[in-house]
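>>> Sequence first, then the predicted structure, then my questions.
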Amino acid sequence: MRIPDDAAAACPVCGNAYDSVSEHDAGLMVNLLDNERYRRVCFDPVGVDGEPRVRFYHHTHGQTAGGGCGGPPVAPE
């Protein structure tokens with residue numbers, strides 16, 4: 001994982017502000033069910049020096065309340 005220095009000013013996926021961004025090039029796992037800090041993470045696939053990466057844009061509860069893609073979670077069927 002690395003912190004990119006060329007990340008967008010707003011989340012490129014939903015357009016909302018974000019708290020932090022991280023970039024990954026290997027396996028990862030996401031669980032936000034009981035996360036006190038983050039409500040949502042948007043995933044943005046990017047290429048860095050010809051290599052595939054995924055950027056995670058971490059949104060706090062306040063950054064997702066009432067706007068953008070921050071609707072309530074949808075339960076799986």
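Okay, I see it. Numbers count the residues shown, from 1 in each chain.

>>> Residue 17 reaches residue 40, doesn't it?
No. Assessed by Cβ atoms under 8 Å, residue 17 is found out of contact with residue 40, at 11.9 Å. Where you see a C-beta, it was placed from the backbone N, CA and C, and this is true even at glycine.

>>> what residues do the two have in common as contacts?
Here residue 17 and residue 40 share the contacting residues residue 59, scored by Cβ atoms under 8 Å, 6 or more residues apart in numbering.

>>> Give me the more crowded residue out of the two.
A direct count of neighbours by other Cβ atoms under 10 Å for residue 17 and residue 40 places residue 40 higher, at 23 against 16.

>>> which outside residues touch whichever helix or strand that one is part of?
Assigning secondary structure by DSSP states H and E places residue 40 in strand 38-48. Strand 38-48 has contacts (Cβ under 8 Å, 6+ apart) with 4, 11-14, 18-19, 23, 30, 32, 52-61, 63-65, 69-70.
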